[in-house]
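Asker: using only what follows, build the 3D model:
(one chain, ligands or ions: 1)
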Amino acid sequence: MFDLSGRTALVTGAGQNAGAGIARALAAQGAAVAVNDLVAERAEATAGEITATGGTAVPAPFDVTDLDGVREGVAQARTRLGRHLDILVHNAGIAADFGQGQFSSLDPSRWRAPVEINLFGAMNCVSAVLDDMCQAGWGRIVQISSGSARTGSAHGLSLYGAAKSGVEGFIRHISQEAAPLGVTANTLALGLQTNAAGDSTADIAAHIPTRRLGTPEDVGAAVVYLASPEASWMTGQTLNLNGGSVTY
Ligand SMILES: NC(=O)c1ccc[n+]([C@@H]2O[C@H](COP(=O)([O-])OP(=O)(O)OC[C@H]3O[C@@H](n4cnc5c(N)ncnc54)[C@H](O)[C@@H]3O)[C@@H](O)[C@H]2O)c1
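Answerer: Model (predicted):
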């Protein structure tokens with residue numbers, strides 16, 4: 001079950017944390033993984049970790065907000081892996097407004113960055129891989145989102161939440177367009193991960209039904225399912241992965 005041998009995957013923002021966990025998990029199931037990150041050293045580190053443990057991975061450093069860069073990076077990954085990309089996991093994303101204040105205090109010059117990476121980044125990556133997947137009659141697109149897409153908060157995440165809501169809608173529509181061609185598209189909406197909590201981990205975990213935050217392994221395991229041959233009837237969905245902290 002969940003055998004990805006012979007498949008190739010691109011994981012964006014995979015130089016650390018959730019993205020690295022996703023890349024490791026896909027490689028462990030047999031996929032050859034193109035490890036993207038804006039920071040080349042991070043992409044190389046994750047790819048090196050995978051190859052050191054017997055998996056297949058190549059670094060694929062590029063900026064997901066730059067469409068030409070994405071197209072070039074995907075073309076290079078395809079050449080290096082010797083096959084078109086079967087699986088896209090768009091994980092790269094940042095809460096660029098978090099910690100910068102609430103919406104009313106944000107200068108308009110800050111509005112675009114969270115949307116560029118979280119929404120346009122997804123459009124750029126999907127556009128670079130979708131035709132190949134459709135022509136091959138098989139593909140898996142997994143988008144990483146956040147509970148902030150559906151649940152409002154006063155923590156200075158309005159732009160991030162807007163961009164993640166937008167990308168969830170985008171993926172729903174892609175799923176309808178691509179389903180007849182054997183390509184699925186789903187979103188995983190994550191709750192708070194261990195890397196984001198800092199010194200407050202224990203306090204936050206106490207309010208999560210499972211009493212812990214999410215880990216890269218939790219995310220990787222869920223992505224493996226969505227990327228697998230067995231998930232061919234699962235498409236157009238936004239799935240919460242949050243330790244039970246939100247149940248709708
Ligand atoms: N950490 C959390 O608690 C949490 C909660 C909910 C959702 N998420 C989502 O999960 C995903 C991963 O979060 P994380 O905390 O592991 O992220 P992170 O910030 O730890 O890692 C993101 C990686 O993406 C890379 N990156 C940034 N901009 C890029 C770009 N333009 N092009 C390519 N790579 C780029 C960074 O260099 C970094 O290595 C994001 O989409 C995030 O919105 C995270």
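Asker: kindly report the residues of this structure close to the ligand.
Answerer: Counting by Cβ under 6 Å from any ligand atom, the residues of the chain close to the ligand are 12-13, 15-19, 36-39, 42, 63-65, 91-94, 117, 144, 146, 190, 192-193, 195-196. (Glycine included, C-beta is placed from N, CA and C.)
Asker: where does this structure dip in pLDDT?
Answerer: Along the chain, segments meeting pLDDT under 70 span 96-97, 199.
Asker: can you show me the helices along it?
Answerer: For the chain, helices defined by DSSP state H occupy the ranges 17-28, 40-52, 67-81, 112-115, 121-136, 158-178, 194-197, 201-205, 216-227.
Asker: now do the first one: distance to the chain's middle.
Answerer: When you say that, I think you mean helix 17-28. 10 Å (Cα atoms, centre = their mean, to the nearest Å).
Asker: check the second one too.
Answerer: Taking Cα atoms, centre = their mean, the mean C-alpha location of helix 40-52 is offset from the chain mean by 17 Å.
Asker: how far off helix 17-28 does that helix point, in degrees?
Answerer: 30 degrees (axes from the mean of the first three to the mean of the last three Cα atoms, to 10 degrees).
Asker: same check, this time on the last one
Answerer: Computed by the same axes, to 10 degrees, the angle separating helix 216-227 from helix 17-28 equals 50 degrees.
Asker: check which helices and strands helix 216-227 is in contact with.
Answerer: The contact analysis (3 or more Cβ pairs under 8 Å, 6 or more residues apart in numbering; DSSP states H and E) places helix 216-227 against helix 17-28, strand 87-90, strand 139-146, strand 183-190, strand 238-241.
Asker: hmm, 6 Å instead?
Answerer: Packing partners of helix 216-227 (3 or more Cβ pairs under 6 Å, 6 or more residues apart in numbering; DSSP states H and E): helix 17-28, strand 139-146.
Asker: quick check: ChimeraX command selecting the buried ones in the residues of the chain next to the ligand.
Answerer: To isolate the buried members of those in ChimeraX, using 16 or more other Cβ atoms under 10 Å:
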select :12,13,15,16,17,18,19,36,37,38,42,63,64,65,91,92,93,94,117,144,146,190,192,193,196
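Asker: circling back: next, format the helices of the chain as a markdown table and append distance to Gln102.
Answerer: Shown next, in a markdown table, are these (distance: least, Cβ to Cβ, whole Å):
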| stretch | distance to Gln102 |
| --- | --- |
| helix 17-28 | 26 |
| helix 40-52 | 31 |
| helix 67-81 | 31 |
| helix 112-115 | 14 |
| helix 121-136 | 24 |
| helix 158-178 | 7 |
| helix 194-197 | 19 |
| helix 201-205 | 20 |
| helix 216-227 | 28 |
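Asker: and the contacts of stretch 161-178?
Answerer: With Cβ atoms under 6 Å, 6 or more residues apart in numbering as the test, stretch 161-178 has contacts from 114-115, 118-119, 122, 143, 145-146, 148-149, 185, 187, 235-236, 238.
Asker: most neighbours of all those residues, which one?
Answerer: Asn118 (31 neighbours; other Cβ atoms under 10 Å).
Asker: give me the distance between the residue lying closest to it once chain neighbours are set aside and Gly73.
Answerer: Spatial nearest neighbour of Asn118, excluding adjacent residues (Cβ to Cβ, 6 or more residues apart in numbering): Ala163 at 3.7 Å. Counting by Cβ to Cβ, to the nearest Å, the gap from Ala163 to Gly73 is 21 Å.
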